[in-house]
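Visitor: Just to be clear, the model below is a prediction. Sequence and coordinates:
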Amino acid sequence: MIDWLQHTTPGLLTLAVVSIAVLLLLIIRFKVEPFIALLVVALLVALAAGVPTETLVGSAQKASDSLLEKGFGGILGHITAIIGLGTLLGAILEASGGAQVLMDKLMSAFGEKRAPVAIGLAGLIFGVPVFFDIGIFVLAPLVYVAAKQSGKSIVLFSMPLLAGLSVMHAFMPPHPGPVAAAGLLKVGLGWIIIMGLAVAIPSWFVGGVLYSYWIGKRLNVPVPDEMLVAAEQAKAENGDREPPSLGLVLSIIGLPLVLILAGTFGSILLQKGSRPYSIATFFGTPAVALTIAVLLAFWLLGFRRGMTREKLAEMAGASLRPVAMILLVVGAGGFFGAVLAATGIGKTLAGELSDLGLPVIALSYVISCVIRIAQGSATVAIVTTAGIVAPVLADLNYSQPQLALIVMAIASGSIIASHVNDGGFWIVSRYFGLSVKETLQSWTVLETILSVVGFVVAALLSLVV
């Protein structure tokens, strides 16, 4: 039985299916933290597959070459600085009033009739450096006021905002999902940015504009009075401080993206080893680009506008606390993927899936969808799916753009059908005063549209790159 499990294709496939089932059971039924669940399942799979203890965890004298340390370290070494710096950048933009400036300018430019589109664009732009839930906390009060002044349903104004924040969180660095998938599949972040924008913008337009206008006219939900009180409190907290200029806000948001793209294209167009190549490579390294942006933001939006060192330190500490669990989940997912690769399970599973006749990009999307719907976490869906498909991608010699589109497919699957097992579902319901039924009718359908459109765009692009 042990020999069959460890050395035959049916045995390895059985081990793969059981491992994913146990993972989902631990997370869904027993409410185990995803980080612990991934770690436990990875260890059990490795032992069941006959991986030697020394290979799995090393020895008391040396553990650096173990699957455990290399699995964690390989992915965390790639993403930790990026996610941490991106979080700090979003925090200073939020604290400085950058969101208010962006919203006010867009509302003024688009006018009252097209206010939902303006709010959606604010979510799209501000969603680049800011986590999804933080974006809701900051921008929701502005949605309350716009909906109240217009006398229309809050759904009409909240869905475009949520679509903008969601697509940026799903597809664009420095957010954890795309950064983690890029690290696991070894894709440059420059290509992730290019393909992320190519997928995110059409998805946002279909879901955040077309669908949001349609559902907003059919689902009439007034703005609760307590939400208007919250909006007034948020306005009072900003005080009379002079807001930063729109140009400054957009420049700081765009600077790291431009530097990373310059590094990506510089590596293609410039002569390797030349001084321009070295400069482009250095400043285009994501950690370096984000460090420059964070330092500029702290100086231009913080110190120069009266923020004390103590205030900035407190803000930085508070913003980084939620990052710890994200990093632990991604690290455990990297270890799980390393185990799947080392045992041959990943390659066997990928080979069997390929025999179904579906392209790898479609299989990646389907696997991600199933894991997302089953357990609710987009991050878990991404790291688990990437671990499953990585072995087969290693043998296909895909180009960087093609791998970036695989990441987009996985990210698309990770946001489909947000429902009651997803924390984002309850944040949306609470912040916009929607019942469970109304949240399913609006938010759940919106996320599914964003997912499907994102995958379709990624699949179409994969035919031409």
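Guide: Received it, and whenever you're ready, just let me know what you need. Residues are numbered from 1 along each chain as shown.

Visitor: When you work out contacts or count neighbours from here on, use the C-alpha atoms and nothing else.
Guide: Will do.

Visitor: what ranges do the helices span in the stretch 251-400 of the chain?
Guide: 275-284, 286-297, 309-320, 323-343, 345-354, 360-375, 378-394, 400-413 (DSSP state H, counting those that start in this stretch).

Visitor: Can you tell me which of those helices is packed in deepest?
Guide: helix 400-413 (a mean of 29; mean count of other C-alpha atoms under 10 Å).

Visitor: pLDDT below threshold where in the stretch 251-400 of the chain?
Guide: Scanning the stretch 251-400 of the chain for pLDDT under 70 picks out 350-351, 353-354.

Visitor: Any chance of the helices of the stretch 251-400 of the chain in JSON lines with distance to residue 144 as columns?
Guide: Compiled in JSON lines, the helices of the stretch 251-400 of the chain are given as follows (distance: least, C-alpha to C-alpha, whole Å):
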{"stretch": "helix 275-284", "distance to residue 144": "39"}
{"stretch": "helix 286-297", "distance to residue 144": "28"}
{"stretch": "helix 309-320", "distance to residue 144": "25"}
{"stretch": "helix 323-343", "distance to residue 144": "28"}
{"stretch": "helix 345-354", "distance to residue 144": "47"}
{"stretch": "helix 360-375", "distance to residue 144": "30"}
{"stretch": "helix 378-394", "distance to residue 144": "27"}
{"stretch": "helix 400-413", "distance to residue 144": "29"}
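
Visitor: Select, out of these, the one closest to residue 442.
Guide: Of all these, it is helix 360-375 that lies closest to residue 442, at 16.9 Å by C-alpha to C-alpha.

Visitor: which residues touch that closest one?
Guide: With C-alpha atoms under 8 Å, 6 or more residues apart in numbering as the test, helix 360-375 has contacts from 24, 27-28, 353-354, 378, 380-382, 384-386, 389, 405-406, 409-419, 421-422, 455, 459.

Visitor: which parts of the longest helix along the chain are buried?
Guide: The longest helix of the chain (DSSP state H) is helix 67-95. Neighbour-count burial for helix 67-95 flags 67-76, 78-95 (criterion: 16 or more other C-alpha atoms under 10 Å).

Visitor: so which of the helices of the stretch 251-400 of the chain gets nearest residue 201?
Guide: Of these, nearest to residue 201 by C-alpha to C-alpha is helix 400-413, at 12.7 Å.

Visitor: So which bits of the helix or strand following the closest one are buried?
Guide: Counting by DSSP states H and E, the next helix or strand C-terminal to helix 400-413 is helix 423-431. Residues of helix 423-431 classed as buried under the neighbour-count rule (16+ other C-alpha under 10 Å) are 424-426, 428-429.

Visitor: Helix 286-297 and the longest helix of the chain, what's the angle between them?
Guide: Here helix 67-95 runs at an angle of 20 degrees relative to helix 286-297 (axes from the mean of the first three to the mean of the last three C-alpha atoms, to 10 degrees).

Visitor: any idea of the mean pLDDT in helix 67-95?
Guide: Mean pLDDT, helix 67-95: 91.

Visitor: before we move on, what about stretch 406-416?
Guide: Mean per-residue pLDDT for stretch 406-416: 98.

Visitor: What residues does residue 117 make contact with?
Guide: By C-alpha under 8 Å, 6+ apart, the contact set of residue 117 is 110, 160, 209.

Visitor: Then residue 88?
Guide: Residue 88 neighbours (C-alpha under 8 Å, 6+ apart): 294, 316, 319-320.

Visitor: What is the nearest of the residues you listed to residue 253?
Guide: Nearest member of the contacts of residue 88 to residue 253, counting by C-alpha to C-alpha, is residue 294, at 9.8 Å.

Visitor: which one is the closest one nearest to, not counting chain neighbours?
Guide: Among residues not flanking residue 294 along the chain, residue 89 sits closest, at 5.3 Å (C-alpha to C-alpha, 6 or more residues apart in numbering).

Visitor: I'd like the distance from the spatially most central residue of the chain to residue 401, if you could.
Guide: Nearest residue to the geometric centre of the chain (C-alpha atoms, centre = their mean): residue 177, 3.4 Å. Residue 177 sits 17 Å away from residue 401, going by C-alpha to C-alpha, to the nearest Å.

Visitor: Equivalent analysis for residue 186, please.
Guide: Separation of residue 186 from residue 401 (C-alpha to C-alpha) stands at 11 Å.

Visitor: Could you do residue 317 as well?
Guide: Separation of residue 317 from residue 401 (C-alpha to C-alpha): 36 Å.

Visitor: what's residue 249 in contact with, if anything?
Guide: Residues in contact with residue 249 (C-alpha under 8 Å, 6+ apart) are 93, 98, 102.

Visitor: Same check on residue 185?
Guide: Contact analysis of residue 185 by C-alpha under 8 Å, 6+ apart lists 386, 390, 403, 407.

Visitor: Any figure for the gap between it and residue 41?
Guide: 21 Å.

Visitor: Does residue 203 touch residue 165 like I think?
Guide: No. Applying C-alpha atoms under 8 Å, one finds residue 203 not in contact with residue 165, separated by 11.7 Å.

Visitor: Return the set of buried residues in the very next helix or strand once past the longest helix of the chain.
Guide: Per DSSP H and E, the first helix or strand lying C-terminal to helix 67-95 is helix 98-110. By neighbour count with 16+ other C-alpha under 10 Å, helix 98-110 contains the buried residues 98-103, 106-107.

Visitor: Can you name every helix or strand that helix 98-110 contacts?
Guide: helix 115-126, helix 132-150, helix 246-269 (3 or more C-alpha pairs under 8 Å, 6 or more residues apart in numbering; DSSP states H and E).

Visitor: Nearest to residue 9 among these would be which one?
Guide: helix 246-269 (39.8 Å).

Visitor: could you give the angle of that closest one to helix 275-284?
Guide: 130 degrees.

Visitor: so helix 246-269 versus helix 98-110, what angle?
Guide: Inter-element angle recorded for helix 246-269 and helix 98-110: 100 degrees (by the same axes, to 10 degrees).

Visitor: Which of the residues in helix 246-269 are classified as buried?
Guide: 246, 249, 252-253, 256-267.

Visitor: With respect to residue 440, which of those is nearest?
Guide: residue 253 (32.4 Å).

Visitor: Which residue, other than its chain neighbours, is closest to residue 414?
Guide: Per C-alpha to C-alpha, 6+ apart, closest to residue 414 is residue 378, 4.6 Å.

Visitor: Quick check: the one you found touching residue 417?
Guide: No. Judged on C-alpha under 8 Å, residue 378 makes no contact with residue 417 at a distance of 10.9 Å.

Visitor: what about the nearest residue in space to residue 253 that is not next to it in sequence, neighbour count?
Guide: Among residues not flanking residue 253 along the chain, residue 129 sits closest, at 6.7 Å (C-alpha to C-alpha, 6+ apart). Using other C-alpha atoms under 10 Å, residue 129 has 29 other residues around it.
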